[in-house]
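Visitor: Make a model of this:
(one chain, ligands or ions: 1)
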Amino acid sequence: MSEKPLQVYIDGQFFDEGNAKISVFDHGLLYGDGVFEGIRFYNDRVTCLKEHISRLFDSAKAIHMEIPATQEEVCAIVVKTIRQNDLHDGYVRLVVTRGTGGLGLSPYRCEKVSIIVIASTISLYPKEKYEQGLILATCATRRPTHDSLSPSVKSLNYLSNVMAKVEALAAGAEEGVMLNTEGYVAECTGDNIFVVKDGIIYTPTVASGSLNGITRRVVIDLAIKAGFELREIQMSRYDMYTADELFLTGTAAEVVPVAQYDQRKIGEGKPGPVTKQLIEGYRNLVETTGTPIY
Ligand code: PXG
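Guide: Residues are numbered from 1 along each chain as shown. Next up, the predicted model:
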């Protein structure tokens, strides 16, 4: 027997996943003209919902797009879509596209901005990876700079990240490290980076070209609360090669340890004590906080 189809929200209505369709003339498809968020929910609570929606509105503002709803309304739509699918733990992909328009770049010919919400489940890395650590490699593709499309915009243009992921996988790694045009470490293809050295925790500044990650912020706050010194720095590959511990953060990835980077074993080559403490702290936090769904 097949499972009940997912109910996908598009512009005020729910559709069975097989019938959840948008126009081939949607500028999200034709030009990558749109923004998105990836949001998790655990134990009937949506993690950092307001923060995700606030970032979505900032991304939209930056690309001169008006979302046809308030932040509170979009929060309610996300919660409603999870409820509609009777889910308790999972992942929401919230996509806002410029909408249907003619062939031609101008967004002003698009009829209306579309809001799409998919609530489902996600597993980015196999469970063992959280005990063994990931293998990373530096990618040739650099993070875009703020003078083109700001890397702070979580847009539907993820091709440089996709290319970086392809390069990492081709190098036999599981995730790729993206540098900025100056050669400093920015982030991974879908996660932020943290280093532990001599008991101090470091992460690249947002100005290095990293996304202002919501998990990054939660982990920074957790680390400071736990009494660690936390420094946002311009980070080099050297800082990563010589780290005692290395870990990544992201909504999908959560907090995930790194065992190897560019053929160098990191620390003991297995998750260190600080990483383990933060994995534990993050899990406790997401299980017990967030916007209630039911
Ligand atoms: N950097 C980039 C480029 C990202 O896309 C992060 C860092 C982590 O940010 P958050 O706010 O999630 O802590 C992201 C987020 C997916 C997926 O489907 C990707 C992300 C989030 C959720 C799902 O691969 N990227």
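Visitor: near the ligand, which residues of the stretch 151-294 of the chain?
Guide: Listed as neighbours of the ligand in the stretch 151-294 of the chain under the rule Cβ under 6 Å from any ligand atom: 161, 187, 190-192, 211, 213-216, 249-252. All C-beta spots, glycine's among them, are computed from the backbone N, C-alpha and C.
Visitor: Sort out for me which of these are in helices.
Guide: When those are checked against helices using DSSP state H, the ones located there are 161, 214-216.
Visitor: Would you mind giving those as TSV with pLDDT and neighbour count added?
Guide: Rendered in TSV, the data for those read as follows (pLDDT from 0 to 100; neighbours: other Cβ atoms under 10 Å):
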residue	pLDDT	neighbour count
161	97	20
214	98	22
215	98	22
216	98	23
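Visitor: Return the entry from the residues of the stretch 151-294 of the chain next to the ligand with the maximum number of neighbours.
Guide: Sorting these by how many neighbours each has (other Cβ atoms under 10 Å) puts residue 187 first, at 30 neighbours.
Visitor: Give me the spatial nearest neighbour of that one, chain neighbours excluded.
Guide: Leaving aside its sequence neighbours, residue 187 sits nearest to residue 210 (Cβ to Cβ, 6 or more residues apart in numbering; 3.9 Å).
Visitor: in the stretch 151-294 of the chain, which spans are strands?
Guide: Taking DSSP state E, counting those that start in this stretch to define them, one finds strands in the stretch 151-294 of the chain at 175-179, 185-188, 192-197, 200-204, 230-233, 245-250, 254-261, 264-265, 291-292.
Visitor: Pick the most buried one from those strands.
Guide: Among the strands of the stretch 151-294 of the chain, ranked by average contacts under mean count of other Cβ atoms under 10 Å, first place goes to strand 185-188 (a mean of 28).
Visitor: I'd like the mean pLDDT over it, please.
Guide: Averaging pLDDT along strand 185-188 yields 98.
Visitor: Leaving out sequence neighbours, find the closest residue to residue 97.
Guide: In space, and not counting its chain neighbours, residue 97 is closest to residue 28: 3.0 Å by Cβ to Cβ, 6+ apart.
Visitor: and residue 265, how far is that from residue 170?
Guide: With distances taken as Cβ to Cβ, to the nearest Å, residue 265 is found 21 Å from residue 170.
Visitor: what's whichever residue of the stretch 1-150 of the chain sits closest to the ligand in contact with, if anything?
Guide: For the stretch 1-150 of the chain, the nearest residue to the ligand under the criterion Cβ to the nearest ligand atom is residue 38, separated by 2.5 Å. Applying Cβ atoms under 8 Å, 6 or more residues apart in numbering, we find residue 38 in contact with 91-94, 122, 251-252.
Visitor: who in the stretch 1-150 of the chain is up against the ligand?
Guide: Near the ligand, when you scan the stretch 1-150 of the chain using Cβ under 6 Å from any ligand atom, you find residue 38.
Visitor: Show me the shaky parts of the stretch 1-150 of the chain.
Guide: In the predicted model of the stretch 1-150 of the chain, residues 1-2 satisfy pLDDT under 70.
Visitor: So which residues of it form strands?
Guide: Assigned by DSSP E, counting those that start in this stretch, the strands in the stretch 1-150 of the chain fall at 7-10, 13-16, 34-42, 45-46, 90-97, 114-120, 134-138.
Visitor: what comes up buried for stretch 133-150?
Guide: Of the residues in stretch 133-150, those with enough neighbours to count as buried (16 or more other Cβ atoms under 10 Å) are 133-139, 141-144.
Visitor: likewise stretch 57-70?
Guide: By neighbour count, and taking 16+ other Cβ under 10 Å as the criterion, the buried residues in stretch 57-70 are 57, 59-60, 63, 65, 67, 69.
Visitor: next one: stretch 153-167
Guide: When burial is assessed from 16+ other Cβ under 10 Å, stretch 153-167 yields the following buried residues: 153-157, 160-161, 163-165, 167.
Visitor: Distance to residue 174 added to those residues, as CSV?
Guide: Written out in CSV, the entries for the buried residues of stretch 153-167 read as follows (distance: Cβ to Cβ, whole Å):
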residue, distance to residue 174
153, 26
154, 22
155, 25
156, 24
157, 23
160, 19
161, 15
163, 16
164, 13
165, 10
167, 12
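Visitor: how about those residues, which pair is most distant?
Guide: Farthest pair in the buried residues of stretch 153-167 (Cβ to Cβ) is 153 and 167. Separation: 22.5 Å.
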